[in-house]
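*Asks:* Sequence and computational prediction follow.
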Amino acid sequence: MKGTGVAAVIAVMAVVSMVVQQGQAVDCGVVDVALAPCLTYLQGSGAEHPPQACCDGVKKVKSLSQTTADKRAACACVKAAAIRISGLQDTTAQGLPSKCGVQLDIPVSRTVDCDKIAFGIESMVA
């Protein structure tokens with residue numbers, strides 16, 4: 001029953017995020033849905049590795065984030081999601097991409113300033 005309630009809350013947040021973030025190339029609703037399978041892992045489920053569905057979601061976020069603008073938008077979505085997760089384990093969250101074997105340029109953090117992050121060569125040229 002507890003899992004059903006969490007899933008319902010995530011679904012509602014995803015819909016709200018899609019409406020609020022409609023103009024961006026990266027849709028926060030898509031990011032929320034992609035990372036939803038990570039929820040129990042990020043809350044400290046005790047599992048050594050995140051579930052495969054979670055890692056697939058991390059890969060999805062990476063695939064959505066190709067340009068600096070996309071990465072900043074995805075960063076804002078991930079930050080907003082991290083803020084909403086009750087009981088988020090910060091160390092676990094920060095290590096999520098590497099646990100999934102994904103080089104993700106987007107930090108999983110509640111405190112990051114996404115507008116100040118420089119990404120790769122594109123940001124050095126701009």
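*Replies:* Received, thanks.
*Asks:* roughly how far out does stretch 29-49 sit from the chain middle?
*Replies:* 9 Å (CA atoms, centre = their mean, to the nearest Å).
*Asks:* Point me to the helix or strand that includes the residue nearest the centre of the chain.
*Replies:* In the chain, the centroid-proximal residue (CA atoms, centre = their mean) is Val78; its distance is 3.5 Å. For Val78, the host element (DSSP states H and E) is helix 68-84.
*Asks:* quick one: pLDDT of Glu122?
*Replies:* Looking at Glu122, its pLDDT is 43.
*Asks:* residues touching Leu104, list them.
*Replies:* Val58, Val61, Lys62, Ser65, Pro97 (CB atoms under 8 Å, 6 or more residues apart in numbering). From N, CA and C alone the C-beta is placed, and that goes for glycine too.
*Asks:* Ok, Val108 next?
*Replies:* Taking CB under 8 Å, 6+ apart, one finds Val78, Ala82, Ala93, Gln94, Leu96, Pro97 in contact with Val108.
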